[in-house]
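Peer 1: Kindly generate the corresponding structure for this input.
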Amino acid sequence: MHDINETHRADLRSWVARSAPGDTDFPLQNLPFGCFSTADDERPRLGVAIGEQVLDLRQLSNSGLLDGLGPQMAEACRADSLLALMAAPAADASALRLALSRLLREGAPDTARTAACLVAASSPRMQLPVRVRNFSDFFTSIHHATNTGRMSRPLEPLLSNFHSLPVAYHGRASSLAISGTPFPRPMGQQVLPGQALPVHAPSGKVDFECEIGAYVGQGNALGRPLSIDRAADALFGLSLLNDWSARDLQVWESRPLGPFLAKSTLSTLSPWVVSLEALAPFRTPAAPRACDAGPVLPYLLSERDQLQGGLDIRMQVLLSTRRMREEGQAPVLVSSPCFRDQYWTLAQMLAHQTSNGCVAETGDLIGSGTVSGPSPGELGCLLEITQGGTQPLTLANGESRRYLEDGDEVVLRAQCVAEGAVPIGFGDCAGRVVTPG
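Peer 2: As a prediction, the model looks like this:
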């Protein structure tokens, strides 16, 4: 885990316009990484968000302003994805962050040369930061697990293994897409109300899932599990993740395995990767466990992770319908979950995944599973908010939703706030449901 250092200082300000705390998700204390191209140059390259602009790392490296970091980091900054940077030693990535902070802060030398490497945020075409080869999606919110379990198993809403291990399934990496990609309503087998046999039809129960996605930095070799503390240090950074779900397909195909087609159409990622170092001021203790939950097995337990394995990430889910946009109405807030309520930490997820010797590769993605809290305003999906569609969500303009309709747009946002620290954010993770074809 990263220590708090000079890059986190609350008094630091950047000379870049509109980058002051409170004006943006991306003040100087954040410096998230992403991959972009422009209309003038379609070659993908790395960038760092600062205020409303993007610092072109390829151009910055070619200018010589990063020469002090050595040839390996200079080359990583010229790459067409974040893979090399994610694979770099943590000390090297930290040195890059420090160099960027010093170039962008008020009073820095060479501001003219650095400013020449800035691109207006409206110009870049954001891309996935890395081509993900492996995607694992977890199920780590005790509130989400209990709420959804209560609908199908009223007598045993929370299965006993939930307290013992972070449950997960292997997702579909080929279906990961960048924010703004339309979500085509999936076709699939389902059993309609009052019928006994399945039909193949468009899903009528499309849902969002508010999640955090964590990218692996330096992974492990085959047969060499990551300890809980090594797993914490192996994670590079976080993005927002909407793991769209077709609930009617999911119910039918998850007997007994699954999910499969219900979750493989598309999963949306926000484009910016907020480094674990940037998140150091927002660490919290791991979520408390019930006294009757039983002991955590040693391979999933460490004092450091219990004291600092949580993260205070305050999330928002906003919904905009087609009618709202036509009438010029702003999106409405439908939920505000907090990531610190997750029952299992990110390090525990990665440690468990590799505990059987499974390889975690650089750039692999771990989904946290739906982030839900204990109160009605903190539920991370419509399945919970509408109680399986039985209690429709009423919007401010009089519309109601059991599940998402074509034209509905879901936007995930998040911000980290802590006493004495500058708030930082993640940018938008947005997607709109569209009719397939």
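
Peer 1: I'd like the distance between the closest residue to Leu165 other than its chain neighbours and Pro285.
Peer 2: Nearest residue to Leu165, sequence neighbours excluded (C-beta to C-beta, 6 or more residues apart in numbering): His352, at 5.8 Å. C-beta: built from backbone N, CA, C; applies to glycine. In this view, His352 and Pro285 are 19 Å apart by C-beta to C-beta, to the nearest Å.

Peer 1: quick one: low-confidence ranges for the stretch 201-350 of the chain?
Peer 2: Within the stretch 201-350 of the chain, no range satisfies pLDDT under 70.

Peer 1: isn't the residue nearest to Leu165 right up against Val296?
Peer 2: No - shown here, His352 and Val296 do not form a contact pair, counting by C-beta atoms under 8 Å, at 10.8 Å.

Peer 1: Please identify which of the two sits among more neighbours.
Peer 2: For His352 versus Val296, neighbours defined as other C-beta atoms under 10 Å are more numerous around His352 (25 against 19).

Peer 1: helices and strands around the helix or strand where that one lies, which ones?
Peer 2: Under the criterion of DSSP states H and E, His352 resides in helix 346-354. Under the contact definition 3 or more C-beta pairs under 8 Å, 6 or more residues apart in numbering; DSSP states H and E, helix 346-354 sits against strand 135-139, strand 167-170, strand 210-216, helix 228-234, strand 235-242, strand 365-367.

Peer 1: Dump the ones you listed into CSV; add mean neighbour count as well.
Peer 2: Formatted as CSV, the helices and strands packed on helix 346-354 follow (neighbours: other C-beta atoms under 10 Å):
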stretch, mean neighbour count
strand 135-139, 23
strand 167-170, 16
strand 210-216, 28
helix 228-234, 22
strand 235-242, 26
strand 365-367, 26
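
Peer 1: Include distance to Pro259 when you put the ones you listed into TSV, please.
Peer 2: What follows is the helices and strands packed on helix 346-354, written out as TSV (distance: least, C-beta to C-beta, whole Å):
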stretch	distance to Pro259
strand 135-139	9
strand 167-170	7
strand 210-216	14
helix 228-234	25
strand 235-242	15
strand 365-367	12
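
Peer 1: beta partners of Leu311?
Peer 2: With DSSP bridges as the criterion, Leu311 is bridged to Arg283.

Peer 1: on that earlier part again, could you tell me the angle between the helix holding His352 and strand 210-216?
Peer 2: Calculated by axes from the mean of the first three to the mean of the last three C-alpha atoms, to 10 degrees, helix 346-354 forms an angle of 60 degrees with strand 210-216.

Peer 1: CA atoms only for helix 346-354, dumped as CSV, please.
Peer 2: The C-alpha trace of helix 346-354 is given here as CSV (Å, rounded to 0.1, in the frame of the first residue of the first chain):
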residue,chain,number,x,y,z
LEU,A,346,-9.9,-5.7,-3.1
ALA,A,347,-6.7,-7.3,-1.7
GLN,A,348,-8.8,-10.2,-0.4
MET,A,349,-10.5,-10.6,-3.8
LEU,A,350,-7.1,-10.9,-5.6
ALA,A,351,-5.5,-13.1,-2.9
HIS,A,352,-8.5,-15.5,-3.1
GLN,A,353,-8.4,-15.6,-6.9
THR,A,354,-4.7,-16.5,-7.0
